[in-house]
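1. here is my input, please return the structure:
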Amino acid sequence: MIDSFDVTTNWAVNTAKAAATIVNASKAEPFREGASSLKLNYDFTTAESGTKAAYAVAQKPKAIEGLPKQIGVWVYGDAAKHWLRGVI
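-> Below you'll find the predicted structure:
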């Protein structure tokens, strides 16, 4: 496991034409493992039109050991049809 997302202080928010915060998901919200999960709250109605984005960015680089053949992440969305992207 690279990160359980239990500790939100390991992550920062980066935005473009948006407002966003990172919090721990509540116990009522879904999470895969551990005690909680990272929740990215975002608002794309705060700025002019155009491409808008909200990112959860690791405070420190995450080491990936060995030669993995795949990397996965469990994501629970709000069905707003916004794009999910990741950078490795």
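
2. what's the helix or strand where Asn14 lies in contact with?
-> Element membership of Asn14 [criterion: DSSP states H and E] is strand 11-16. Contacts to strand 11-16, defined as C-beta atoms under 8 Å, 6 or more residues apart in numbering, come from residues 5, 20-22, 38, 40, 42, 51-59. Any C-beta I mention is one placed from the backbone N, CA and C, and that applies to glycine too.

3. one more time with 6 Å, if that's ok
-> Outside strand 11-16, the residues that touch it by C-beta atoms under 6 Å, 6 or more residues apart in numbering are 20, 22, 53-57, 59.

4. got those as TSV, with pLDDT, distance to Glu65 and secondary structure columns?
-> TSV is the format used below for those (pLDDT from 0 to 100; distance: C-beta to C-beta, whole Å; DSSP: H, G, I helix; E, B strand; the rest coil):
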residue	pLDDT	distance to Glu65	secondary structure
Ala20	96	30	strand
Ile22	95	25	strand
Ala53	94	29	strand
Ala54	94	29	strand
Tyr55	95	24	strand
Ala56	95	22	strand
Val57	95	21	strand
Gln59	93	19	coil
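
5. point out where the chain drops to low pLDDT.
-> For the chain, applying pLDDT under 70 flags no range at all.

6. what secondary structure does Pro68 sit in?
-> Three states are possible here, and by DSSP: H, G, I helix; E, B strand; the rest coil the one that applies to Pro68 is coil.

7. can you give me the neighbour number for it?
-> Residue neighbour count, defined by other C-beta atoms under 10 Å, stands at 9 for Pro68.

8. show me the contacts for it.
-> Taking C-beta under 6 Å, 6+ apart as the test, Pro68 contacts no residue whatsoever.

9. and Leu69, how far is that from Asn24?
-> Slight slip there: residue 69 is Lys, not Leu. Between Lys69 and Asn24 the computed distance is 31 Å (C-beta to C-beta, to the nearest Å).
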